[in-house]
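Undergrad: Pasting the sequence and the predicted coordinates here, then a few questions.
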Amino acid sequence: MNLCKRSFFARKNLLASIRQYASTAPEIEQNEQVLIDDTDDVQAKEAEIEKKRNKSRLSSAHYNLVNGKRPYETPMSISHLTVKYNRKMYGKYGVSSGVNPSLCWPTKQEIQERQEYEAVAFPYTIKEMMDAAAQRKKEEQLKIEQREKEIAAKFEKLEQWKKELNQKIAKKTAEAQAAKMKKERLVEEVRRHFGFTLDPRDERFQEMLAKREKEQRKLEKQARMEAKEKMLIAKLQQKNVELNEKA
């Protein structure tokens, strides 16, 4: 009997509480909505005040950059969703960027691609590259030493080359002087041939001069041939003497 009474009163109290809540619920919801609206108004006012404080008239992205903050809190383009961009943001702004630092580690695929690239771009080990560099340096040093030896040898011959050059210059000068004197002699012979003064530009003078030059060349040629024959005869005589001595 006591249990039944207790159950009856409990149900009665529960129904009373439900009726009381049902009567006051609209007021509670209305009060909560008022609080939410007031909060939104306060935030809007704060945003408006903050906007007015920004006298620079910069955009929000530029303002954040100037103040050392991440330019965009929310992605504004597809590039802002890439791993590369987020790594850059974390590298520049650290934890304040809001980027998960695990993105900074390369993936298995990136590691594999990097290894394949290095295998092609840098096929040699560090030891092999050091040995190759040392060999190149050694070869370059040998080339330098060889070049220095050649320069020193040529420098030793410098005086001899100067002497030979001076001899060639003197020979050419002497030949030119001799040719000039021969020309003057021929001109003088032509003048004596005519027996009177004649303009060197005259046709008769030029013909006689050409004739004399031809005769002179013929005589010089004959003289060279005779000298050559004498030299050949001298060599043959010397050879006969040597053969007789051996016999």
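TA: Great, that's in hand. The model shown is predicted, which means the values in this text are computed figures rather than measured ones.

Undergrad: By mean pLDDT, which helix or strand of this structure comes out lowest?
TA: For the chain, counting by mean pLDDT, DSSP states H and E, helix 2-53 ranks last in confidence among helices and strands (a mean of 61).

Undergrad: Only C-alpha atoms, please: export the very next helix or strand once past that helix in CSV.
TA: Past helix 2-53, further along toward the C-terminus, the next helix or strand under DSSP states H and E is helix 60-66. Once side chains and other backbone atoms are set aside, the C-alpha atoms of helix 60-66 remain, and they are given as CSV (Å, rounded to 0.1, in the frame of the first residue of the first chain):
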residue,chain,number,x,y,z
SER,A,60,42.6,42.3,-44.7
ALA,A,61,45.2,40.1,-46.4
HIS,A,62,47.7,43.0,-46.7
TYR,A,63,47.0,44.2,-43.2
ASN,A,64,47.8,40.7,-41.9
LEU,A,65,51.0,40.5,-43.9
VAL,A,66,52.2,43.9,-42.5
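
Undergrad: Show residues contacting helix 60-66.
TA: When contacts are taken as Cβ atoms under 8 Å, 6 or more residues apart in numbering, the neighbours of helix 60-66 outside the stretch itself are 54, 56, 58, 70-72. Just so you know, the C-beta spots here come from the backbone N, C-alpha and C atoms, and that holds for glycine as well.

Undergrad: As CSV, could you dump the C-alpha coordinates of stretch 161-170?
TA: Backbone C-alpha positions of stretch 161-170 (Å, rounded to 0.1, in the frame of the first residue of the first chain) are rendered in CSV as follows:
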residue,chain,number,x,y,z
TRP,A,161,115.2,35.2,-82.3
LYS,A,162,115.9,38.9,-81.9
LYS,A,163,119.3,38.4,-83.6
GLU,A,164,117.8,36.4,-86.4
LEU,A,165,115.0,39.0,-86.9
ASN,A,166,117.6,41.8,-87.0
GLN,A,167,119.6,39.8,-89.6
LYS,A,168,116.5,39.3,-91.7
ILE,A,169,115.7,43.0,-91.5
ALA,A,170,119.3,43.9,-92.4
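
Undergrad: Check the gap between the residue most central in space within the chain and Gln43 for me.
TA: In the chain, the residue lying closest to the centroid (Cα atoms, centre = their mean) is Ala121, at 18.5 Å. Taking Cβ to Cβ, to the nearest Å as the measure, Ala121 falls 55 Å from Gln43.

Undergrad: about what we covered before: tell me, what's the model's pLDDT at the residue nearest to the centre of the chain?
TA: Reading off the confidence values, Ala121 has pLDDT 88.
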